[in-house]
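> sequence below, structure please.
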Amino acid sequence: MPKFIADVHVHSRYSRACSKDLSVAELAKWAAIKGIGVLGTGDFTHPLWVEELRAALRDTGDGLYEHAGVRFMPTSEVNTLFYRAGRAHQIHHILMAPSLETVERINRELASFGDLALDGRPMLRMEAKQLVKTVIGVDPRAAVVPAHAWTPHFSVFGSNSGFDRIEDCFEEETGKIFALETGLSSDPAMNRRLSALDRYALISNSDAHSAHRIGREANLFDCEMTYDAILGALKTRDRTKFLSTIEFFPEEGKYHYDGHRTCGIRWAPSETKQRGTRCPVCGRKLTVGVMHRVETLADRPEGAQPENAIPFKRMVPLDEIIADALEAGVGTKGVEREYQQLVHAFGTEFTVLLDTPVEALRRMTSAKIADGIVRVREGRIEVEPGYDGEYGNVHIFTTADAVQAAGEQQMTLF
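Predicted structure coming up:
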């Protein structure tokens, strides 16, 4: 069986703050460029998007659908809003379904709890446990996975509206939860510090709001490319079938550190603990980030390695590596030209980032771009951590590199 990469949490143009170019064809095009074999449909709760999915996708008969050679899994993200002990909780969840027929039955049930046509990521006025009971009650093969589990807003462990334990959120339905999405601001190493999470598969997805950002996080499988095989690999956490996750450097995520973006305050958890959670500039409450929450709830030290933990690899998107090497902006013509040249030469972005030997890279692109790819593979980068909705800044070529290069150039003058 061939290995394949899956990214099951994406969006359509019917979700707020998402690209209006997001269509099935556009998603399939970028999945092929990236090297993604299975992509989530996203937004299956939206009636207009379901119509487009039915028109564009071919049923493969194995729980997945196909367009232009890319397999699609019916998925969606929903927000549950409910109150517990006088406190409001807004929790985002990924829904997975084995067919569009199941999708339509799920949507009929969920329509009682919110306007599904209002947003591709609808707000449902129901408890998280009620969502699980409803979705799996429609079809036992369907699944609910807590989305971006540590984000301060809208997540199961979020500092603003979450819980300290999975059981506190899902109560008697907890046993039906088998996976958690770690989100861009955390990685498996951080999640392993909580022994209570050992029984869950830790998955990673892009949560992409535009097609070119799919695959920035993803999952690597070696199983049959079917709905049941993929979910089976997650439920059993079989390391021969669920091989690894592909991760952002978590510091690059928008909520890794604590802070207040408006005032430019970015603090590590240790500094917040020392100085308090109020912004020293305006006095408002800081957004407590993911790293802080992990440290608060952790019962293990950094570096803990539970038995049979699924491996992971950290990655920086190829266009960001090229942009840093060229000292240009992502999306500029020079960066785009180098990106397309590398993808055309080696087949997909993931092949370039993960598998292509450095000698082959050097023959196809500049030594600096090739070196940047190797540095990312080896983790030799610097990241200014993201905070309060602001992405972190990746520095593959550091100030020390620039000083060394300037020195070498000066030596050539003598």
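> show me the shaky parts of the stretch 1-150 of the chain.
1 (pLDDT under 70).
> where's residue 234, which helix or strand?
Using DSSP states H and E, residue 234 maps to helix 227-236.
> any idea which helix or strand comes after that helix?
According to DSSP H and E, the helix or strand after helix 227-236 is strand 242-247.
> and that following strand, how far from the chain's centre?
12 Å (CA atoms, centre = their mean, to the nearest Å).
> ok, stretch 179-193 next?
With CA atoms, centre = their mean, you get 10 Å for stretch 179-193.
> again, but for stretch 209-222
For stretch 209-222 - counting by CA atoms, centre = their mean - the centre lies 7 Å from the chain centre.
> over to stretch 49-56?
With CA atoms, centre = their mean, you get 24 Å for stretch 49-56.
> change the start of the numbering to 100 and stick with it
That works, and once the first residue is 100, the last one we named lands at stretch 148-155.
> for that stretch, buried residues please.
The neighbour-count check on stretch 148-155 (16 or more other CB atoms under 10 Å) flags 148, 149, 151, 152, 155 as buried. Just so you know, the C-beta spots here come from the backbone N, C-alpha and C atoms, and that holds for glycine as well.
> about what we covered before: give the other helices and strands that the helix holding residue 333 contacts.
When contacts are defined as 3 or more CB pairs under 8 Å, 6 or more residues apart in numbering; DSSP states H and E, helix 326-335 packs onto strand 300-302.
> average pLDDT for the strand it packs on?
The average of the pLDDT scores along strand 300-302 is 98.
> please name the strands paired to it in the sheet, noting orientation.
strand 278-280 (parallel) (DSSP bridges).
> got the CA coordinates for the next helix-or-strand element following the partner strand in PDB?
Where DSSP H and E defines the elements, the next helix or strand beyond strand 278-280 is helix 287-290. Output of helix 287-290 as PDB, limited to C-alpha atoms (Å, rounded to 0.1, in the frame of the first residue of the first chain):
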ATOM      1  CA  PRO A 287       2.800  16.500  20.000                       C
ATOM      2  CA  ALA A 288       5.800  17.000  22.200                       C
ATOM      3  CA  MET A 289       3.900  19.700  24.200                       C
ATOM      4  CA  ASN A 290       0.700  17.500  24.300                       C
END
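> so where do the strands sit in the stretch 300-449 of the chain?
300-302, 317-320, 341-346, 357-359, 364-366, 411-413 (DSSP state E, counting those that start in this stretch).
> make a markdown table from the ones you listed and add distance to residue 447 to it.
Below are the strands of the stretch 300-449 of the chain laid out as a markdown table (distance: least, CB to CB, whole Å):
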| stretch | distance to residue 447 |
| --- | --- |
| strand 300-302 | 21 |
| strand 317-320 | 12 |
| strand 341-346 | 13 |
| strand 357-359 | 36 |
| strand 364-366 | 35 |
| strand 411-413 | 15 |
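> out of the ones you listed, which is closest to residue 252?
strand 357-359 (13.9 Å; CB to CB).
> tell me what that closest one is packed against?
strand 364-366, helix 368-374.
> nearest to residue 302, out of those?
helix 368-374 (25.0 Å).
> may I have that closest one as PDB, with CA atoms only?
Output in PDB follows, covering the C-alpha atoms of helix 368-374 (Å, rounded to 0.1, in the frame of the first residue of the first chain):
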ATOM      1  CA  PRO A 368       4.900  32.000  30.400                       C
ATOM      2  CA  SER A 369       7.600  32.500  33.000                       C
ATOM      3  CA  GLU A 370       7.400  36.200  32.600                       C
ATOM      4  CA  THR A 371       3.600  36.200  32.800                       C
ATOM      5  CA  LYS A 372       3.800  34.300  36.000                       C
ATOM      6  CA  GLN A 373       6.200  36.800  37.400                       C
ATOM      7  CA  ARG A 374       4.500  40.000  36.200                       C
END
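> which one of the helices and strands packed on strand 357-359 lies closest to residue 240?
Judging the helices and strands packed on strand 357-359 by CB to CB, what sits closest to residue 240 is helix 368-374, at 40.2 Å.
> having no further points to raise, I will conclude here.
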